[in-house]
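Asker: curious how this folds, go ahead:
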Amino acid sequence: MSDWNTPGLTPEVSKRMADQVPLSQAADRIHVLVHEDPDSGFAAVSLDTPHRAIIVRWKGPVPAEVEAELDRDRALGITVTVVAARYSVKESLAEANRLGSAVIGVKAPNGDTITAIGPNKDYSGLLVRLAPAAEERQTVLALSPEALTARARAGFPALSSDMPIAVVIGGPMTMSVVLSD
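Answerer: The predicted model follows:
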């Protein structure tokens, strides 16, 4: 890595990257098991590099084969925490897709547009990105979270779900992709 002469790639950053490798590998092994059983209740796995830990979010009981993998990770010195998730990734994505097909890209009478819907970080509900009309942006930015959600629901009657919905201000999402060599 040091031969790359990459700006910002300090020894500290290189160490952090190296420290992430076993955690990332553990997460990959969990994803393989989840792929084999998409109805398992899996929600997410995240890395806590400074503590050499992974956090696994799961709805319902963790299957035996996943528990066995978590035990192997613990034996490698990785701290594993399993946290209850309110919804699985499958449930969250299904609901996000259902709502998204009805509201993403549709312009409300007040000029608002919903640009994205997806699970929130802890899989306790959905996060909706709302792009207000340009002339309304300052007014909308001053709204409380509750008032913002009420505005979105009023503008988009199809934005109705049994899952909790939180609304944030944001335009279309941009994505970048890093391809391997």
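Asker: point out where the protein drops to low pLDDT.
Answerer: Within the chain, the set of residues satisfying pLDDT under 70 comprises 1-5, 171-181.
Asker: run through the helices of it in chain order.
Answerer: 11-36, 64-75, 89-103, 137-141, 145-155 (DSSP state H).
Asker: ok, and what's touching stretch 16-35?
Answerer: 1, 40, 42, 45-49, 52-54, 56, 63, 65-66, 69-70, 73, 76, 78, 80 (C-beta atoms under 8 Å, 6 or more residues apart in numbering). Every C-beta, even on glycine, is put in place using the N, C-alpha and C of the backbone.
Asker: please redo it, this time with the cut-off set to 7 Å
Answerer: Under the contact criterion C-beta atoms under 7 Å, 6 or more residues apart in numbering, stretch 16-35 has outside partners 40, 42, 45, 47, 49, 54, 56, 65-66, 69, 73, 76, 78.
Asker: a markdown table for the residues you listed, including neighbour count and distance to Glu12?
Answerer: What follows is the contacts of stretch 16-35, written out as a markdown table (neighbours: other C-beta atoms under 10 Å; distance: C-beta to C-beta, whole Å):
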| residue | neighbour count | distance to Glu12 |
| --- | --- | --- |
| Ser40 | 21 | 37 |
| Phe42 | 26 | 33 |
| Val45 | 21 | 25 |
| Leu47 | 18 | 17 |
| Thr49 | 17 | 12 |
| Ile54 | 23 | 22 |
| Val56 | 23 | 27 |
| Glu65 | 12 | 37 |
| Val66 | 22 | 33 |
| Glu69 | 19 | 30 |
| Asp73 | 22 | 25 |
| Leu76 | 12 | 23 |
| Ile78 | 19 | 21 |
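Asker: which of the residues you listed lies closest to Arg86?
Answerer: The shortest approach to Arg86 among these belongs to Phe42, at 13.2 Å (C-beta to C-beta).
Asker: I'd guessed that closest one sits against Tyr87; true?
Answerer: No. Judged on C-beta atoms under 7 Å, Phe42 makes no contact with Tyr87 at a distance of 10.8 Å.
Asker: phi, psi for the residue most central in space within the chain please.
Answerer: For the chain, the residue nearest the mean C-alpha position is Lys121 (4.6 Å; C-alpha atoms, centre = their mean). Phi and psi for Lys121, reported as degrees, to the nearest 10, are phi -60, psi -40.
Asker: dump the residue contacts of it.
Answerer: Residues counted as contacts of Lys121 (C-beta under 7 Å, 6+ apart): none.
Asker: hang on, the earlier thing: any idea which of the contacts of stretch 16-35 is the one closest to Ser101?
Answerer: Phe42 (23.5 Å).
Asker: before we move on, the earlier item: and the gap between the residue nearest to the centre of the chain and Ile55?
Answerer: Between Lys121 and Ile55 the computed distance is 11 Å (C-beta to C-beta, to the nearest Å).
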